[in-house]
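Chemist: no FASTA, just this:
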């Protein structure tokens, strides 16, 4: 039996959590997660960034595996930069049902896709 | 390349979603999800049930795999009964970091644990 302590986090604590770059700069805020119902895996953290006071804010889906939680920062830390996120493949209308867009996005970030 | 259409669901649409038994009875409502950060998998749907107008409501963590989404019902459907859920192993204080409680709970529901 594996008795290792788990690392469970509540979805209620994830939404609204800040995302920081490695240099400590604030890149954005998690708006919500997209969960793959088949595998039960988190596929994307949809990050709001840019804009001002919520106006003009863009929502960008980022692979969950690109984020790690830093208890000291009280937020997620990522190796991604704001430029990388804003340069990601533009979302198609039905991006969450578009395996081609998903493939290009995971390729772009260089992260193994959640569906394999 | 796998071009199958994904089945992504937003965490924002999961919280507050009703859970129905196979007979259509309303068992409870999803309050939040618990996500295993290591694997990126949803470990539990924490269901509020019982009580009246939010008073005396109990929160019971149910394995995510015990739920399936029914678009016609607009909610989750489960083979579990209210009695099964209320008879599940009592939560320890730090249930979300207690692998023994987790093992007993997944055993109780007869579902393969998310951490293996």
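Modeler: On my side now, so go ahead. What you see is a predicted model, and the numbers here were worked out from it, not measured in a lab. Numbering: from 1, shown residues only, chains lettered A, B, ... in the order given.
Chemist: what about the residue lying closest to residue A:64 once chain neighbours are set aside, which helix or strand?
Modeler: The shortest distance from residue A:64 to any non-neighbouring residue, by C-beta to C-beta, 6 or more residues apart in numbering or on different chains, is to residue A:42 (4.2 Å). From N, CA and C alone the C-beta is placed, and that goes for glycine too. Secondary structure from DSSP states H and E places residue A:42 in strand A:41-49.
Chemist: also residue A:91?
Modeler: When the helices and strands are read off by DSSP H and E, none of them contains residue A:91.
Chemist: got a list of what it touches?
Modeler: A:60, A:61, A:101 (C-beta atoms under 8 Å, 6 or more residues apart in numbering or on different chains).
Chemist: buried ones among these?
Modeler: A:60, A:61, A:101 (16 or more other C-beta atoms under 10 Å in any protein chain shown).
Chemist: sketch out the low-pLDDT regions of chain A for me.
Modeler: The model of chain A has pLDDT under 70 over residues A:1-6, A:51-54.
Chemist: and the lengthiest strand in chain A, what does it pack against?
Modeler: Ordering each strand of chain A by length in residues (DSSP state E) puts strand A:26-36 first. Other elements packing on strand A:26-36 under the criterion 3 or more C-beta pairs under 8 Å, 6 or more residues apart in numbering or on different chains; DSSP states H and E are helix A:11-14, strand A:18-21, strand A:41-49, strand A:58-63, helix A:82-86, strand B:8-10, helix B:11-14.
Chemist: most neighbours per residue, which of these?
Modeler: Highest mean neighbour count of the helices and strands packed on strand A:26-36: strand A:41-49, a mean of 23 (counted as mean count of other C-beta atoms under 10 Å in any protein chain shown).
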